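**Student:** One predicted model, sequence on top.
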Amino acid sequence: MRPIPSFSLHRPKTLSEALELLQALEDARPIAGGTDLLVLLRDGAVSAKHLIDLGGVHELQYIREENDEIRIGAATTHAQLLRSELIAEKTPLLHEAAASIGSVQIRNRGTLGGNLCNASPAADTAPPLLALNAEAAVASTGGTRIIPLGDLFAGPKMNSLRPGELLTEIRFPTPPAGSGTSFQKLGRRRGLTLAVINVAVYLCLEGGVCREARIALGAVAATPIRMPAAEEMLEGRQLSGELIEAAASACRDQVRPIDDIRASAEYRREMAYVLTRRALMDAWERARRDTL
Amino acid sequence: MIELWDGASMEYDKILENLLGRDDYLVVGHSVVRTDALEKALGRARFTADYIPKGTAVVKVVRSSQPHARIKVDVKAALGVPGVLAVLTAADVPGHNQIGYALPDQPFLNGEKVHYIGDPIALVCAEKEYAAAEAVDAVEVEYDPLPASFTLDAALQPDAEPIHEGGNVAVTTRIRKGDAERGFSAAEVEVEDTYETPYQEHMYLEPEAAYAVPEGAGKVTVVGTMQSPFLVREKVAHVLGWNLSQVRIIQALTGGAFGGKDDMGPLVCAKAALAAVKLGRPAALVFDRDESVAYTPKRFPARIRYRSGADGEGRITAVEVDITVDCGAYANRAPFWLWRMTAHAAGPYEVENASVDGRAVYTNKVFGGSFRGFGDVAIHFAAESQVDRLAEELGMDPVEFRLRNVLRPGSRTTCDQLLDHSVGMEECLRGAAEAAGWKRGRELGRKGSRVRGVGVGCAYHGISTSRSTPDWSAASLILNQDGSFTYRTGICELGQGSPVGHAKIVAEIIGAPLSSIRIEVPDTDSTPNAKPTHGSRGLMLGGTAAADAALKLRQRMISVAAEMLGCPEADVDLREGRAFNRQDPSEEVSFAELAEELYVRGVSPAAYGFYTSPRRFYDPETGLGVNYSVYTFAASVVEVEVDTETGQVDVVKVWPAMDVGRAIDPLMIEGQIHGAVSQGIGFTLMERLVVEDGLVLNPNFKDYVVPSALDTPEVAETIIVEEPYRHSAFGAKGVGEPAIISIVPAIANAIHNATGLRFNTLPITAERLYAALRRRKP
């Protein structure tokens, strides 16, 4: 193991300052909690001459609801998500996912934006946000663009941000009455664990009929992904155990997992079925409760 | 008077009645708040790395990137790196470069040949980490590769490249008791299978570390994380070519050890010491996590072929066991490890006919070493699986079957050792089974995809070292002028609390408040040699030396107090830091007054305690004899819930029982049990070191998965069985290692009970269990 190669640390106080530094400095990278980046730097998997610490950019730390939309600043920590009553009440899906990340110490440091930009296929916040139809606000000195969250993921540990760009906000519609969600994660132990696979499901019911279904899985492909084929099987239909099993089977067929040190591709494929079925059953149950 | 307290003649378990004249103990047997708890909880306790000041030379190890090769080393380029102070190779070792623990197979620095990926080749000393890292890369090692063996079968091929002179079998063992074949012919049922257990990494929170300071000419002080300061001293002196008195070793508080620091303490301290002496300035070596996991010893993997038979009455008639231990690159402790497995091969059962063969085999992988349980985890996993199978074949309840075979007072072990006392196996097993509601427990059944099961495991573990290895311990106790005490022991604090146990023994004997007894850190320049803190001997051996010192000092204190109080010695009692007349407790002197008087009268206020185990012997031809002076016995019942859709196993609850001889501190016993349950769950269900062509692929907490707090089950209050051992202080026996042994087979047996699947190979990961469940489906 090597000591972390030396770098210059910059600590901007505002977003515009951060964007300017990012634009101006050569070989610069933003750093939020550092829970992923410092490890990558030490392992030599990434290199940077300049690190721009977003920890002092307080305008990137917020959780609020505006016009039936929940907006979360990219530098919001997992611990802040976990403590937020708004998140717990309106999007338990994200609350549960945040609760499953790392340990207290890691949740105190790690941020939502960092978790997403790190673009791990196993990132625990990615499937819930995909299932919540989240969008990402991406800023640069030239302005801000809004992209569907899925477009942020370019491949394993690769995001689609262009040089000089920063993820600044995640936003998604507040789940309406009649909706139900579920987060399921399979790890090699119960706490402090990387997902072997993770699944998030969002269902919205209308009189027993599934009006909308969104299913997202992590650690089963190069990026966290939605499962459109399975979603279509459910939408507009009266839900049943059989239908849910069929949709979960469709997920098993759609995933493209790999073998790695944590699990085999075959096991992940089978678990994609098991966890999706459990998530759908759980979300269905919660949606029905929400409708009552 | 003093002769009376000689270890061999004193029945230490009778101290209470015969000597102290008390109805009950003051501190022994009662849980206390450990005297070191607050400092540790507040983060104030100092570990080795906390002692290293800025400006200390940084030492880094240059390691082999090849599993097996002849090498040529060129350090010129490395010496040219700015900030580099020295690059030391085998040629720079002033004393002896051979540092093998049991066999002379392990160079301290490898100059000619490397045996595994990570083998140390050179030491880089530099001003800063960066320069050291650069210089490590700049050391040119020319490799001339040799064929490498990564499996037992490959290493045992007749044409396999020998890893060390003399071939790839490092050592063999055997036991022949009775007539195994005759035993099998008397058997009604027979079961046979092969069991395999993997590496287990200790994953202590504190990685290996040492800080060395040269003290003028011909002396060096080393502060390090270790289990045996005097072994460290021996090895440092050996490498430097110095006398023992020229080396001073201080054990800093050790952040977890589990056996690993017993092996690594000497190796790391000797490297730091060599650097400090060569440089003439302080030097420190602190391992990274990757280094600690990839290159330092782990639990030896083993393969065990096991055949056993039982008659219609449920008596085991014979066992035939063939053990192969995978040493990795060096034998290290394999001869002792293998012998322990051999001696305990039948499990805690009386078996008249036993045939056991063992061999330890070299491979080109990271070497094995000491780890809690020391071979007994693997052998009990096999033995206890076999016992469950025999019971199943006979249609008997596994607890009932075990009860028909367990060792009892008067039984003889596989080595034909007579166990005349302190044999609490039956009580442990009955206790754990009863607490768990054994019969009812076995009808737990299924809930959706989740199915529950219960399993039982028994264990015994010989305390301290085996066969004829001399076994003794020493301690010192000083009564200071103010009535406080200074206690010194070479037994190390590793988190387990043995030295606090010693202090309790001292407090009990001399009637001092526990808080008035200061335990000094082990320092070989002032601490008596207590031999290593391993083999669960710290409390039993070390504590008995403490008792010896305390008894000597007590006698002097009583004799002076009697004169001060003007009463017969027999009437003097010591308690709460004062001496008083039992007939008239208002007549008293404080320990401060008493101490002053000792000093004034010229009565020595310091006592040196020494204890030696009763003599043991054994016949190398048959393996028979007296192996361990005493055994600790344990049983566990475990309830698991298996998710049949994912293969995940949830250990729901554990009911532990242990015959500890005498509980010096029930809370510390609970602590050992809780830690062992977690470590046992890790070994059985999740810990998996991935080694590909000799390269460790997961040397980190991210992918070498150990149980988290959330994986820890409910642990019922430990059933403490007390069958005192005659030759230890208050009858106490060791606890640390026995705690883990029965957990492992109990979990595996519970999984079998839940699913009908029996696993002969560990760990039983969710994925493996899932695959096995799927294969079984029609």
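**Tutor:** Cool, got the structure.
**Student:** show me where pLDDT drops low in chain B?
**Tutor:** In the predicted model of chain B, residues B:1-10, B:440-444, B:468, B:778 satisfy pLDDT under 70.
**Student:** Specify the residue positioned farthest from the middle of it.
**Tutor:** Distance from the C-alpha centroid of chain B peaks at residue B:566, with 49.2 Å (C-alpha atoms, centre = their mean).
**Student:** Kindly list the main-chain dihedrals of it?
**Tutor:** phi 70, psi 40 (degrees, to the nearest 10).
**Student:** Also the one 3 residues further on?
**Tutor:** Backbone torsions for residue B:569, taken as degrees, to the nearest 10, come to phi -60, psi -40.
**Student:** close enough to count as contact, it and residue B:562?
**Tutor:** Yes - counting by C-beta atoms under 8 Å, residue B:562 is a contact partner of residue B:569 at 4.4 Å. C-beta: built from backbone N, CA, C; applies to glycine.
**Student:** Please say which of the two ends up with more neighbours.
**Tutor:** Between residue B:569 and residue B:562, counted using other C-beta atoms under 10 Å in any protein chain shown, residue B:562 has the larger neighbour count: 17 against 14.
**Student:** And that one, which helix or strand is it part of?
**Tutor:** Assessed by DSSP states H and E, residue B:562 sits inside helix B:543-565.
**Student:** Contacts only, for the residue in the stretch 501-650 of chain B positioned nearest to chain A.
**Tutor:** Of all residues in the stretch 501-650 of chain B, the one sitting closest to chain A is residue B:645 (4.7 Å; C-beta to the nearest C-beta). For residue B:645, the contacting residues are A:274, B:449, B:770, by C-beta atoms under 8 Å, 6 or more residues apart in numbering or on different chains.
**Student:** does it sit in a helix, a strand or a coil?
**Tutor:** When classified by DSSP: H, G, I helix; E, B strand; the rest coil, residue B:645 comes out as coil.
**Student:** just residue B:355 next, same as before
**Tutor:** The three-state label given to residue B:355 by three-state DSSP is strand.
**Student:** what pairs with it across the strands?
**Tutor:** Judged by DSSP bridges, the bridge partners of residue B:355 are residue B:176, residue B:320.
**Student:** Of the contacts of residue B:645, just the buried ones, ChimeraX syntax please.
**Tutor:** To isolate the buried subset of the contacts of residue B:645 in ChimeraX, counting by 16 or more other C-beta atoms under 10 Å in any protein chain shown, use the following:
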select /A:274 /B:770
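**Student:** and the stretch 151-292 of chain A, which residues reach chain B?
**Tutor:** Counting by C-beta under 8 Å from any C-beta of the partner chain, the residues of the stretch 151-292 of chain A close to chain B are A:186, A:188-194, A:261-264, A:267, A:270-271, A:274.
**Student:** measure the residue farthest from the centre of chain B to residue B:558 for me?
**Tutor:** Residue B:566 sits 14 Å away from residue B:558, going by C-beta to C-beta, to the nearest Å.
**Student:** Next: residue B:257.
**Tutor:** Distance of residue B:257 to residue B:558, given as C-beta to C-beta: 38 Å.
**Student:** Compare the two and say which one has the larger neighbour count.
**Tutor:** Higher neighbour count among residue B:257 and residue B:558: residue B:257, with 28 against 20, using other C-beta under 10 Å.
**Student:** For that one, give me its contacts.
**Tutor:** So residue B:257 contacts B:202, B:204, B:225, B:226, B:227, B:492, B:494, B:495, B:533 (C-beta under 8 Å, 6+ apart).
**Student:** Any chance of the backbone angles for it?
**Tutor:** Here the main-chain torsion angles of residue B:257 (degrees, to the nearest 10) amount to phi -150, psi -60.
**Student:** The nearest residue to residue B:103 once chain neighbours are set aside: what's it in contact with?
**Tutor:** Closest residue to residue B:103 apart from its sequence neighbours, by C-beta to C-beta, 6 or more residues apart in numbering or on different chains: residue B:331 at 4.4 Å. Contacts for residue B:331 (C-beta under 8 Å, 6+ apart) come out as B:100, B:101, B:102, B:103, B:105, B:106, B:170, B:171, B:360, B:362, B:367.
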